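Asker: dropping a prediction and its sequence here:
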Amino acid sequence: MSPFFVMSLLFGLTFGQTASLCAPSEYTIHVEKRECAYCLAINTTICAGFCMTRDSNGKKLLLKSALSQNVCTYKEMLYRTALIPGCPHHTVPYYSYPVAVSCKCGKCNTDYSDCVRERVRTNYCTKPQKLCN
């Protein structure tokens, strides 16, 4: 192995997390209920960005602790509640949604994160839209 390759490998393993670009990012959620007259567009923040991932193809050459498959996920979040307009009295007109306060690169927790990238765009309204900030 060349000295340049070894130094690049050591640098990547040591400073990989600092090269990550994971941060709260603005996002719009579209929420509608069948019983309600309007779709609500909610502006919030989610965790998005690049996290340094180490390829497992070299797993025989590296220690297990040197391998990681990190995603940009929530470090700290809070929930807010919005009122969906145009709902009849018998319907609960509230929707709670997450707001990212801070983010980190780490393992994906399926309790509160979607760990698979969606291929089909489903975040849209089929009813008249109202905006909530």
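Answerer: Alright, I've got the coordinates. Numbering: from 1, shown residues only.

Asker: for this structure, give me the ranges with low pLDDT.
Answerer: Within the chain, the segments meeting pLDDT under 70 span 1-20, 54-68, 112-123, 131-133.

Asker: just the strands in it please.
Answerer: Using DSSP state E, the strands found in the chain span residues 21-32, 39-50, 71-83, 94-106, 129-132.

Asker: could you dump those into JSON lines and include mean neighbour count?
Answerer: Just so you know, the C-beta spots here come from the backbone N, C-alpha and C atoms, and that holds for glycine as well. Shown next, in JSON lines, are these (neighbours: other Cβ atoms under 10 Å):
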{"stretch": "strand 21-32", "mean neighbour count": "16"}
{"stretch": "strand 39-50", "mean neighbour count": "18"}
{"stretch": "strand 71-83", "mean neighbour count": "15"}
{"stretch": "strand 94-106", "mean neighbour count": "16"}
{"stretch": "strand 129-132", "mean neighbour count": "14"}
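
Asker: now Lys75: how far from Pro24?
Answerer: Distance of Lys75 to Pro24, given as Cβ to Cβ, to the nearest Å: 10 Å.

Asker: what is in contact with those two at once?
Answerer: Cys47, Val101, Ser102, Cys103 (Cβ atoms under 8 Å, 6 or more residues apart in numbering).

Asker: in JSON lines, list those residues along with distance to Thr28.
Answerer: JSON lines is the format used below for these (distance: Cβ to Cβ, whole Å):
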{"residue": "Cys47", "distance to Thr28": "15"}
{"residue": "Val101", "distance to Thr28": "18"}
{"residue": "Ser102", "distance to Thr28": "20"}
{"residue": "Cys103", "distance to Thr28": "18"}
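
Asker: could you give the bridge partners of Phe50?
Answerer: Beta-bridge pairing of Phe50 under DSSP bridges involves Leu21.

Asker: quick check: it touching Leu21?
Answerer: Yes. At 4.6 Å, Phe50 and Leu21 qualify as touching, with contact defined as Cβ atoms under 8 Å.

Asker: residues contacting Ile42?
Answerer: Counting by Cβ under 8 Å, 6+ apart, Ile42 makes contact with Thr28, Ile29, His30, Val31, Ala82, Tyr95, Tyr97, Cys132.

Asker: would you confirm that the fifth one contacts Tyr95?
Answerer: It stands for Ala82. Yes. Counting by Cβ under 8 Å, Ala82 does reach Tyr95; the two are 5.3 Å apart.
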